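Asker: Sequence first, then the predicted structure, then my questions.
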Amino acid sequence: QVQLVESGGGLVLDGGSLRLSCAASGRTFSGYAMGWFRQAPGKEREFVAAISWGGRSTNYADSVKGRFTISRDNAKNTVYLQMSRLRPEDTAVYYCAAKRAPNGSIWSRETAYDYWGQGTQVTVSS
C-alpha cells in the first residue's frame, strides 16, 4: 500500500507560478511511476504529467508542455510539479498517483494508476 499526500496548492495570479509536492509513504517509492492529474469543476479528471521511477522518462499533456515540469526526489519520497505561466484554465484540483513500475514505464491513462492522493486545489485568478 502506498499513501500519497499532495501539498503546495493555493491561489495565484494569471502568469504566476506554484510548485506542488506529493509525499509518498508505505512502500519503496523508487520503484513507482508517478503521475499528476487534475480535475476542473464540471469536467472529468485529466492527465497532466508523468515520470518514471528513475526520472529518465517524462510525459506531459499538450496543454502544459513548456510550462509545467515534473520531477522527483527518491531520497525524499517526493514528486514535484513545478507550474509556471499559470492560466485561469489551469484552475483545478490536482492529484498525484502512483503505479508500481520498476521497468521504467509511464502512463497517461488514469486507469493505469493504483494509488491516489486526496488532491490539492490550485486556483488561478485573472
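Answerer: Okay, I see it.

Asker: ok, now which ones touch the residue most central in space within the chain?
Answerer: The geometric centre of the chain, computed from its C-alpha atoms, lies nearest to Trp36 (CA atoms, centre = their mean), at 2.3 Å. By CB atoms under 8 Å, 6 or more residues apart in numbering, the contact set of Trp36 is 20, 22, 48-50, 70, 79, 81, 94-97. Glycine gets a C-beta too; all of them are placed from N, C-alpha and C.

Asker: Check Gly35 too.
Answerer: Taking CB under 8 Å, 6+ apart, we find Gly35 in contact with 47-51, 96-99, 106-108, 113.

Asker: okay, these in TSV with neighbour count, pLDDT and distance to Gln3 next?
Answerer: Listed next are those as TSV, based on neighbours: other CB atoms under 10 Å; pLDDT from 0 to 100; distance: CB to CB, whole Å:
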residue	neighbour count	pLDDT	distance to Gln3
Phe47	20	98	22
Val48	25	98	21
Ala49	26	98	21
Ala50	27	98	19
Ile51	24	98	19
Cys96	30	98	11
Ala97	25	98	12
Ala98	25	97	10
Lys99	20	96	14
Ile106	20	95	21
Trp107	16	95	20
Ser108	15	96	23
Tyr113	21	97	14
